[in-house]
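**Q** here is my input; please provide its structure:
(chains A and B)
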Protein chains: 2
Amino acid sequence: MINKYYSSMLTEKDIIFEIFQYAQEKAKLVGEENIYDFSLGNPSVPAPSCVNQTMIDKLNSLNPLSLHGYSPSFGIMEVREQIADSLNRTYGCHYTSSNIFMTIGAAGALAHALRAVTNPGDEILTFAPCFSEYKPYTAGAGLKLTILPANIDSFQINFDALEEHLTPSVTALLINSPNNPSGIVYSTETIQKLSEILTEKSEEFGHPIYLISDEPYRDIIFKGTDSPYIANFYKDTLTCYSFSKSLSLPGERIGYLAVSPECTYSKAIIEICPQISRTIGQNGPASLMQRTVGEVCTETSDLSVYEKNKNILFEALIEYGYSCVEPGGTFYMFPRSPEPDSYAFCEKAREKNLMLVPGDIFGCPGHFRIAYCVPTERIIKALPVFRELAEEYHLPNIK
Amino acid sequence: MINKYYSSMLTEKDIIFEIFQYAQEKAKLVGEENIYDFSLGNPSVPAPSCVNQTMIDKLNSLNPLSLHGYSPSFGIMEVREQIADSLNRTYGCHYTSSNIFMTIGAAGALAHALRAVTNPGDEILTFAPCFSEYKPYTAGAGLKLTILPANIDSFQINFDALEEHLTPSVTALLINSPNNPSGIVYSTETIQKLSEILTEKSEEFGHPIYLISDEPYRDIIFKGTDSPYIANFYKDTLTCYSFSKSLSLPGERIGYLAVSPECTYSKAIIEICPQISRTIGQNGPASLMQRTVGEVCTETSDLSVYEKNKNILFEALIEYGYSCVEPGGTFYMFPRSPEPDSYAFCEKAREKNLMLVPGDIFGCPGHFRIAYCVPTERIIKALPVFRELAEEYHLPNIK
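**A** Predicted coordinates for the structure are as follows:
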C-alpha cells in the first residue's frame, strides 16, 4: 500500500549525494585534506553578521506571541513590502507587496509558480543543462517536462530547439540564469530574443506562455557579466528566488515568488498561491526568518571568494587543455569531459580523490560539473589533479 | 491558463478568517476591548523563555556555515534522536531517530504521511467534527475523503459509521485527538476498540489500514483526562506533530512525522518521505528551528490558562442552559447551537460582537466552535453576552 510512484523514485539514485557521501567516507581513510570534494553546491562563506544580529535583536525585542505567531498565508506584509522595495531599487521594477509571495526557499517558490500558471497535463520546457530537481518539481505539478538540448558552445538559449518545441500545449518555460550547472548568465540579447519569441507565440496561440525564472544565484555575478533582470524584459514572468546563496542560508529555507505587476492575471496568480499551499502542506516559511530577510534583503555574504575561485580554476583548466565556457556567475563550472562518457571521466577523477558530477544528470552528457564553493586553498591544492587527468587524456594544450 | 482547480478553491470562502477579519474591522470602530473574538486558534501564551534563549545561544555559539547550512532531507540527525528519546521517555515507546522525519509543522507531516501510505484514488476516512483543512490536504494527495458523521453525545468515535464505511478501498484513517473543534480526547477504550477493528479489517482485506494521527494538541490535556498515546495501541500508526501549540510557535512551522517502529513497511515509509518532499517543494523545516526544538522538545509554554479558561467558560455555558460535551484538552469547545442553523446563531452572536465559528465547516452542523485561547479576562467579559443569547433563545436552565 506504500505509494508506488514515490517508491519508484527511490531507484533513481541521487548521484550528487552519493558522490558527497563517498567523499566523506574516503576522507575518514585518507584525511579530509586529501579529498577534493567539488560535488555539492553548499555556500562556503558564512552569512553576513547582520543576519544573526537581526535575529538576536528580534528575539530580544519583539513580543514572542507576535514574533512566533501565525503569519498571513501570503507572508508577512511588512516583509513583502521590504522585498518589493528592494527589487524596485535594484532593478528599477514596479513591484508592490501584493506581487510578492513568501516561500520555503526557491523550491517552495517553484512549487507555487509551476502549479499556479499551468494545469495538470500541460507541457513545460526547460533548457539543458538544468538543475536535476526540475524533474520531480514538474512531475509533482502533473506537468510534462521537455528538456531542450543545450547550446554547448555558449550555454545561452538554444533558439532552434525552442522554436521547434514551442507548440500550443506549452504553457510555461522554466529557465535558470545564472545557471546551475554551467555558471552561465543569459545575456540581454538572449533575453530580448526569448521575450520576442514568447510574445509572438503567446499571441499566435491565444494564451500567455509564462516564463518561470529560477534565480537563486542572481546575486553571484562576476565582473563584466551582462546580467539583465529577466522580468524587466518579458511581462509574463514569475521570478523564484531564494536567500540560500546570497545570504548563505540554505538550511533556513527562505525565499519568495515575485509576479511581475504587468503579468497576465498577476493578481489571480498571487491569490491562488495560498490555495496551492493548502494542498501541498506548506504554510509559509518560518516567521523569524521572514522578518530577518525582510530587514537584510539588500545585504549579501562576502561573495567575492567565488569569483576568485572561478578565476584560478578557469585559467588553470584552459591552460591544461580543458574546454570550458567561462562562467559569468554562480559557483559552478561545466567543462567538457575529456572523454565522451562523463561518468567514466568522473570515475577516473574519483580514483584520484577528486569529486566531480557527471553532466548527464543535468541533461547534458559529455560535460562535468565542478562546484567550487570551497576554500580557495582547496582549489589550489586540487589543480595538480586536474593537470594529471589532462595529461592522461593527452589534452591538446598541455605545455 | 491559470490553474482551474486552485482558482475554484477561491470560491470556498475561508469562514474562520472572514470572521477574524470582521472582528478586526469592528474593533477599529468600537474598540478592541468590546470585541469578543473566539474565532482563531492562535496560542495566547508566549513561548517559554528557553525557546528564545536556545535560539540566541545557537546563534552566538555555532559556526554560521553549519548552523544555517543545508540539513539532511530527513532532518538533522541529532534532532531526530532528541525527539525519539523524548517520545520514548514520555510514552514508553521504542522510536529511534530513523523513525522520525522532520517537517514544516503538522501540515507538512500530514502532507508526507498522506502521500506515503496511499496511492491516488484511494479512500481515506475521518470523523466529524474535523479540521476544515483536511479537505485540501487529502485532495492534494489525490485521495477521496469521506467524513463520517459525529457521535454528538460524546464526540468519541462513531463506530457504527466506521464499520459501515470501512471497505477494502480504504487504505488510511485520519484522526485528530485532542480534537479541533470539539476539544475531546479519545479515551483508551475508544482507541482500543479502534485498534481491534483496524487490525481485524486489515487482516480481512489483506492490506494494512494505516492510522494517521494528527496530534498538534497532544500536550494540552486537562486534569483527569484519559489521554492514551495512540501509536502504543495500533502498530500501523503515523503520528503527525507540531510544536505550534505546545511551544506557542505556530509561525515557525516546525513539527515531525513519527512512524511507529512496528508499523508495516515503517522503513520504506520514512525512506520515501524525502522523495515526497521533492515533488511538493518542501525541503525540511528551517535548520535553526530544528535545532531549537530538538533541545527544548520536553518543555511547553505555560498551558494552564487554557484549562482555567475552559473551566470558567464551560461552567457558565452549562449554567446558562447550553448543551456541550466537556473538553478534555485543546483550547476549543463545541457546544450545540441553540437553533439548528448554526450560521444563523453565529450571526446573532456576531451582532453582539461575539465571534464564533459555525460547526458546519467542521462537518458537524448544529454546533459552534469557541476558540478560548484568549486572556481569561476576555472570557469573563464575554460571559454576559453568552447569557444574553441563552435568554433570547429561552434555553431551559436559565435561572
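**Q** poorly predicted segments of chain A, please.
**A** A:397-399 (pLDDT under 70).
**Q** what segments of it are strands?
**A** Taking DSSP state E as the criterion, chain A contains strands spanning A:36-37, A:100-103, A:123-127, A:144-148, A:170-175, A:210-214, A:237-242, A:255-259, A:332-333, A:354-355, A:357-358, A:368-371.
**Q** could I get those strands as a markdown table with mean neighbour count and distance to A:I16?
**A** Just so you know, the C-beta spots here come from the backbone N, C-alpha and C atoms, and that holds for glycine as well. Converted to a markdown table, the strands of chain A look like this (neighbours: other C-beta atoms under 10 Å in any protein chain shown; distance: least, C-beta to C-beta, whole Å):
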| stretch | mean neighbour count | distance to A:I16 |
| --- | --- | --- |
| strand A:36-37 | 22 | 11 |
| strand A:100-103 | 27 | 23 |
| strand A:123-127 | 22 | 18 |
| strand A:144-148 | 18 | 17 |
| strand A:170-175 | 23 | 20 |
| strand A:210-214 | 27 | 17 |
| strand A:237-242 | 27 | 18 |
| strand A:255-259 | 27 | 21 |
| strand A:332-333 | 26 | 12 |
| strand A:354-355 | 22 | 10 |
| strand A:357-358 | 25 | 5 |
| strand A:368-371 | 27 | 9 |
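**Q** tell me which of those sits nearest to B:L194.
**A** strand A:100-103 (37.8 Å; C-beta to C-beta).
**Q** can you list the strands that that closest one pairs with?
**A** Using DSSP bridges, the strands paired with strand A:100-103 are strand A:255-259 (antiparallel).
**Q** so which residues of the stretch 101-250 of chain A form helices?
**A** Shown for the stretch 101-250 of chain A, the helices assigned by DSSP state H, counting those that start in this stretch span residues A:105-116, A:134-140, A:159-165, A:188-205.
**Q** and the last one, what does it pack onto?
**A** In other words, helix A:188-205. If contacts are counted by 3 or more C-beta pairs under 8 Å, 6 or more residues apart in numbering or on different chains; DSSP states H and E, helix A:188-205 sits against helix A:159-165, strand A:170-175.
**Q** mind redoing it with 7 Å?
**A** In terms of contacts (3 or more C-beta pairs under 7 Å, 6 or more residues apart in numbering or on different chains; DSSP states H and E), helix A:188-205 is packed against helix A:159-165.
**Q** could you find the closest non-adjacent residue to the residue most central in space within chain A?
**A** Against the mean C-alpha coordinate of chain A, by C-alpha atoms, centre = their mean, the closest residue is A:P216 at 4.8 Å. Closest residue to A:P216 apart from its sequence neighbours, by C-beta to C-beta, 6 or more residues apart in numbering or on different chains: A:S242 at 4.2 Å.
**Q** repeat for A:A109
**A** A:C240 (3.6 Å).
**Q** for the helices of the stretch 101-250 of chain A, which one ends up most surrounded?
**A** Among the helices of the stretch 101-250 of chain A, ranked by average contacts under mean count of other C-beta atoms under 10 Å in any protein chain shown, first place goes to helix A:105-116 (a mean of 29).
**Q** burial count for A:E18?
**A** 12 (other C-beta atoms under 10 Å in any protein chain shown).
**Q** format the helices of the stretch 101-250 of chain A as TSV; extra columns: distance to B:S7.
**A** Converted to TSV, these look like this (distance: least, C-beta to C-beta, whole Å):
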stretch	distance to B:S7
helix A:105-116	9
helix A:134-140	19
helix A:159-165	27
helix A:188-205	20
